[in-house]
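> sequence and predicted model, in that order:
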Amino acid sequence: MTASPGPIPDDGGPAANWQPDHLLDRYETLTLPLGPDVDGEDPITATLVRRAGGGPAVNGAVLYVHGFTDYFFHEPLADFFHERGYAFYAIDLRKCGRSLKPHHTPHLTTDLRCYDEELDKALDVVVAETATEGAPARVLIAAHSTGGLITPLWLDRVRASSPARFAHVNGLLLNSPWFDLQGSPVLRTPVVSLALLIAAAVRPTAVIPQELSEGYGRSIHETTGGEWAYDLALKPMGGFPVTFGFLHAVRRGHARLHRGIDVGVPTLVLRSDKTIFGPHRPAGVDNADVVLDVRHMTRWSGCLGDRVAVVPITDARHDVFLSVERARSAAYREVDVWLRGTLGIPASPGHTPSQDATIRTEHA
């Protein structure tokens, strides 16, 4: 497929100039035009993705947000929600995935609040397309890693600034969210934070001099023994370089989260049961989070609000839905239990949950 995504009409309505996706056969894309880039890399857009022709929305819709060095390619995740009566949408944020252009620094933003623009627009499109007469749209926000930091901060702001828009959101599902900086405790000290602030102000696009391991990427990509097919130009094996400007934006996001926010909806946080850090491809890379520290996810989940469940998934990878089959099946079972028990979503027709699907929660 070679058609390029089309723009949303100027009136901002649900219209839909959806075009065939050039990456996934059964999917369509919609370009979301964005305003001026605060980091001077105009023009910028974001890209909304859905299954071709839309889908059932008897239980609502899902809006999925990817992480750093990532984009939407995970069709089984969309299939899981479609089978449960959800219309599934995903967004490739500015300078990421389908939205990345040659003149962009991949994933660069110096302020996570900039993402509010495309998230607001995406939510509005989803609501307009899935609402039915007499029944307002219900949207579950799902996010992974850096997206798991971006989306709670966005929801906290939307709840306060746009109650009508926020009223359509009924849940938040976080998959290994990036809630603090991994690595040595010295990296989280005020001195290092000040140095990062200065570096970001002077040279925001300069790359942090730290080599990223290819271990995680090699464990999941089909060409190196993994199970998953995706475009290595959009999700490189060792990740995109991290810039000072981006990392400073993330650290500001961490600080805001740690002071306490309120996402305003029930939240499920899924994570691995362990972290293993090491160079290259450490032992256990297939059965642990080798990217982030899972202890941070539990420690800071209590800052999200009042209705938060944290569930460790035994032997899960950083992306729990890209884990080996046994662990990802356990993750999906936990989501099923949460959807039924917390959001009140009935089991899908013909779907019988496993007897071992009892949720294991740690209320943060």
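The structure has been received and is ready for your questions. Residues are numbered from 1 along each chain as shown.

> tell me the mean pLDDT over the longest helix along the chain?
Counting by DSSP state H, the longest helix found in the chain is helix 325-341. In this model, helix 325-341 has a mean pLDDT of 97.

> grab the nearest non-local neighbour of Gly67.
Spatial nearest neighbour of Gly67, chain neighbours left out: Ser145 (2.9 Å); criterion: Cβ to Cβ, 6 or more residues apart in numbering. For the C-beta atoms, the positions are set from N, CA and C on the backbone; glycine is no exception.

> how near is the one you found to Asp116?
Ser145 sits 19 Å away from Asp116, going by Cβ to Cβ, to the nearest Å.

> more neighbours: the two, which one.
It is Ser145, of Ser145 and Asp116, that has more neighbours when counted by other Cβ atoms under 10 Å, with 23 against 17.

> can I assume that one is in contact with Val320?
No: assessed by Cβ atoms under 8 Å, Ser145 is found out of contact with Val320, at 10.6 Å.

> what element comes up after the one helix or strand Leu48 maps to heading to the C-terminus?
Leu48 belongs to strand 45-51 when assigned by DSSP states H and E. For strand 45-51, the following helix or strand on the C-terminal side (DSSP H and E) is strand 60-65.

> let me know the angle separating that following strand from strand 45-51.
Interaxial angle of strand 60-65 relative to strand 45-51 (axes from the mean of the first three to the mean of the last three Cα atoms, to 10 degrees): 140 degrees.

> show me the strands in this structure, by range?
6-7, 19-20, 27-33, 45-51, 60-65, 86-92, 139-144, 169-175, 267-272, 308-313 (DSSP state E).

> which strands and helices sit next to the longest helix of the chain?
Contact partners of helix 325-341 among helices and strands, from 3 or more Cβ pairs under 8 Å, 6 or more residues apart in numbering; DSSP states H and E: strand 267-272, strand 308-313.

> can you redo those strands as TSV with mean pLDDT and distance to Ala160?
Shown next, in TSV, are these (pLDDT from 0 to 100; distance: least, Cβ to Cβ, whole Å):
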stretch	mean pLDDT	distance to Ala160
strand 267-272	98	17
strand 308-313	98	19
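
> for Arg340, find the nearest of these.
Comparing these against Arg340 with Cβ to Cβ, the closest turns out to be strand 267-272 (12.0 Å).

> most tightly surrounded among the helices and strands packed on helix 325-341?
Among the helices and strands packed on helix 325-341, strand 267-272 has the highest mean neighbour count (mean count of other Cβ atoms under 10 Å), at a mean of 26.

> relative to helix 325-341, how tilted is it?
Orientation check (the same axes, to 10 degrees): strand 267-272 against helix 325-341 gives 170 degrees.

> Provide the strand pairings for strand 267-272, with the direction of each partner.
Strand 267-272 has these partner strands in its sheet, going by DSSP bridges: strand 169-175 (parallel), strand 308-313 (parallel).

> report the inter-axis angle for that strand versus strand 139-144.
Here the directions of strand 267-272 and strand 139-144 differ by 20 degrees (the same axes, to 10 degrees).

> starting at the chain centroid, how far to strand 267-272?
Centroid separation for strand 267-272 versus its chain: 12 Å, with Cα atoms, centre = their mean, to the nearest Å.

> what's the span of stretch 123-142 from first residue to last?
End-to-end distance of stretch 123-142: 12 Å, with Cα to Cα, to the nearest Å as the criterion.

> starting at the chain centroid, how far to that stretch?
19 Å.

> so that it lines up with my notes, have the first residue be 196 from now on.
Done: numbering now begins at 196, and the last item shifts to stretch 318-337.

> for the protein, give me the ranges with low pLDDT.
Residues of the chain that meet the criterion pLDDT under 70 lie in 196-211, 249-251, 381, 473-478, 542-559.

> could you give the number of residues near the residue lying closest to Val253 once chain neighbours are set aside?
Leaving aside its sequence neighbours, Val253 sits nearest to Gly280 (Cβ to Cβ, 6+ apart; 4.1 Å). Per other Cβ under 10 Å, the neighbour tally for Gly280 reads 18.
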